[in-house]
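Q: when you get a sec, could you give me coordinates for this:
(chains A and B)
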Amino acid sequence: MTTTPPSPNNDRSDDRNQTTAPVDFIRQIINEDNRTGKHAGRVHTRFPPEPNGYLHIGHAKSICLNFGIAAEYGGLCNLRFDDTNPTKEEQEYIDSIKEDVRWLGFDWEDREFYASDYFEQLYRWAVQLIRAGKAFVCDLTADQIREHRGTLTEPGKESPHRNRTVEENLALFERMRQGEFPDGSRTLRAKIDMAHPNLNLRDPVMYRILHASHHRTGDRWCIYPMYDWTHGQSDSIEQITHSICTLEFENHRPLYDWFVRELGIFAPRQIEFARLNLTYTIMSKRKLLRLVQEGHVSGWNDPRMPTIGGLRRRGYTPAAIRAFCSRIGIAKTESTIDVQLLEYCVREDLNRVAPRAMAVLRPLRVVITNYPDDQVEQLDAINNPEDPEAGTRQVPFSKVLYIERDDFMEDPPKKFFRLAPGREVRLRYAYFITCQEVVKDPATGEIIELRCTYDPATRGGDAPDGRKVKATLHWVAASHAVEAEVRLYDHLFTQPDPDDVREGQDFTVHLNPASLEVLEHCQVEPGLAGKPPEYCCQFERLGYFCVDADSTPDRPVFNRTVTLKDTWAKIQKKGQ
RNA sequence: UGGGGAAUAGUGUAACGGCAGCACGACUGACUCUGGAUCAGUUAGUCUAGGUUCAAAUCCUAGUUCCCCAGCCA
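A: The predicted structure is shown next:
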């Protein structure tokens, strides 16, 4: 019996089948650029997170896109931290982001960059724009700037400081850098057009004064560049050919292009695509933070969270997430993916690689009355029917067993195939048994034990006389069972769109009170004892489970990643 | 009432003037020592109204709906 967990599956053979995967509009643009020789066939992308939080499945879409494109076109993809706001960013997030990207199966080698590494260059470029009369130091307060900006339908007013001389601007900007002015007292602004219909071009702020310590540059700077003044130039410095971002930056593209053009530097092309939305969950960092802070989940890596850390702890594999990202497609239409597609992807992967095991979540005691009292047999069980090379293992069988409570009904409805009084079923890899007697607690009427007989001729699970049974049940021998805690997870929210709320409510009203059910006294086959965290397996007939970090050698803890498709559950649901 | 985007089965996504296809979901059936997997099948779509054309999801015109933008956030 093999005890090593299936390592995160980094076999990419299934990731993006060129013969079937549609060519999305971004790859079409790249194909066209390559056809016209725009960058001499060079393709260079980047994944540019701000290190102000943890990555989620939406980031995975972007990661797979950027790294995936680079790989397909024989290009490169940089990991760049957009760390221009020291008040929100921390080293901890950098570390976590790097771990998540790596876990997803991508490697940026030495192409790890930080916008903060470009601060000096950005400063020199700002001076260049000032000299060209394209930027000025503005003394307006934040409120005044807002008042001068105008509205969506009305033009703004020019700042009274807009026409300072180059010399005055140069001197003031230098003094800003030297720390002579307090936070918020001055900004450096691009001089564009206060009447522009695109508000981003109404003399946008390039630098703000922030006497804050930066996680990488320490106290070297007290002026920090804004996103718009940083991103395009960072892309340009890194010779990024295609700068892929999400739809909300469409309005920023004219400014991106303006800066790069005014500076006369290499011009990458910004391309926007629709971010990922998933049913029954939320993706907003701010809202996820509330779930953590208000204690609705145990932390950022709670198995119910859509974070990479949460999915990982839940038992999702990198291959499953990559396959998902490949299947959802890339487009500009805002859309919400059905979470069932994600679940399909993880089942598809785990079905192939996860070893099978028998585990009883809600045990019902079964005594085989005609089985010898002290006998124990070792029966052969197949580790993975999808993978012959996974081999077999032995599972112990004895007189007293546990089966799933759901697998017995005293008064079974028509389509219930499992055990019932007088009915014969198969115990997987073991024997046919017949239920002879139901023992109840005289006080509560609860069924506490089944007394069954077995047919010794059916050892291994087949009847020599060829008779059939309609059901095969999983089971665990009571004498050898290991007790485990199992955590059953369901959707975090009860509504497909948690943000669909009435006036005055917020998404928390749709929190699913049953998103976590903890089962304390589960019985699992002995081979499952001592498996390391993240070990994934299938509990036969129940679902895919993985060992949680809370697990200890004498008390395993499992998380349910996803259930198996359950036809019986569906029949039951319909009957209601 | 400004500007920028987007509308194709329930959900996503192709088709780029020439047979509306694929996946997930749902529903049948076959098979099965997992009511799993697998296999076979069914279901269901071009936002609206005009126009151009032999031919329109695709081009044109008008409209409708949805998303983004008024941070010294990214």
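Q: now do the same contact list for the residue of chain A found nearest RNA strand B.
A: Proximity of chain A to RNA strand B (CB to the nearest atom of the strand) peaks at A:G461, 1.7 Å away. C-betas here are computed from N, CA, C, even on glycine. The contact partners of A:G461, taken as CB atoms under 8 Å, 6 or more residues apart in numbering, are A:426-432, A:472.
Q: now do stretch A:312-321: distance from first to last residue.
A: With CA to CA, to the nearest Å applied, stretch A:312-321 spans 10 Å between its terminal residues.
Q: do any residues in it lie close to RNA strand B?
A: No. In terms of CB under 7 Å from any atom of the strand, no part of stretch A:312-321 sits within range of RNA strand B; the closest distance is 12.8 Å.
Q: quick one: mean pLDDT over that stretch.
A: Stretch A:312-321 shows an average pLDDT of 98 in the prediction.
Q: again, but for stretch A:58-69
A: Stretch A:58-69 shows a mean pLDDT of 98.
Q: how far does stretch A:311-331 stretch from start to finish?
A: End-to-end distance of stretch A:311-331 (CA to CA): 24 Å.
Q: and stretch A:247-259, by the same measure?
A: Stretch A:247-259 has an end-to-end distance of 20 Å (criterion: CA to CA).
Q: and it, which residues are buried?
A: Within stretch A:247-259, the residues scored as buried using 16 or more other CB atoms under 10 Å are A:249, A:252-253, A:255-256, A:258-259.
Q: got these as CSV, with pLDDT columns?
A: Formatted as CSV, the buried residues of stretch A:247-259 follow (pLDDT from 0 to 100):
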residue, pLDDT
A:F249, 98
A:H252, 98
A:R253, 98
A:L255, 98
A:Y256, 98
A:W258, 98
A:F259, 98
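Q: just the residues you listed: which are in helices?
A: Those of these mapping onto helices are A:253, A:255-256, A:258-259, per DSSP state H.
Q: which one of those is nearest A:A320?
A: Distance to A:A320, by CB to CB, is smallest for A:R253 among these, at 33.7 Å.
Q: now do the contacts for the closest one.
A: Contacts for A:R253 were tallied using CB under 8 Å, 6+ apart; they are A:270, A:272.
Q: ok so, going back, now the ones in helices among the buried residues of stretch A:247-259 as JSON lines including distance to A:G315?
A: Formatted as JSON lines, the entries for those read as follows, by distance: CB to CB, whole Å:
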{"residue": "A:R253", "distance to A:G315": "40"}
{"residue": "A:L255", "distance to A:G315": "43"}
{"residue": "A:Y256", "distance to A:G315": "40"}
{"residue": "A:W258", "distance to A:G315": "47"}
{"residue": "A:F259", "distance to A:G315": "45"}
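Q: where exactly do the helices run in chain A?
A: Counting by DSSP H, one finds helices in chain A at the ranges A:25-36, A:57-72, A:91-103, A:119-131, A:142-149, A:166-177, A:227-237, A:253-263, A:285-293, A:308-314, A:318-328, A:339-353, A:567-575.
Q: among those helices, which is nearest A:G543?
A: Relative to A:G543, the nearest member of those by CB to CB is helix A:339-353, separated by 8.8 Å.
Q: what about the closest one, near RNA strand B?
A: Yes. Contact between helix A:339-353 and RNA strand B, assessed by CB under 7 Å from any atom of the strand, occurs at A:340-341, A:344, A:347-348, A:351.
Q: distance to RNA strand B added to the buried residues of stretch A:247-259, as CSV?
A: Shown next, in CSV, are these (distance: CB to the nearest atom of the strand, whole Å):
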residue, distance to RNA strand B
A:F249, 6
A:H252, 6
A:R253, 7
A:L255, 10
A:Y256, 11
A:W258, 14
A:F259, 13
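Q: residues of stretch A:563-576 that come out buried?
A: A:563-564.
Q: apologies, that question was intended for stretch A:183-202.
A: Neighbour-count burial for stretch A:183-202, counted by 16+ other CB under 10 Å, picks out A:186-192, A:194, A:196, A:200-202.
Q: now swap in stretch A:61-71 and tell me
A: Counting neighbours by 16+ other CB under 10 Å, one finds that the buried residues in stretch A:61-71 are A:61-71.
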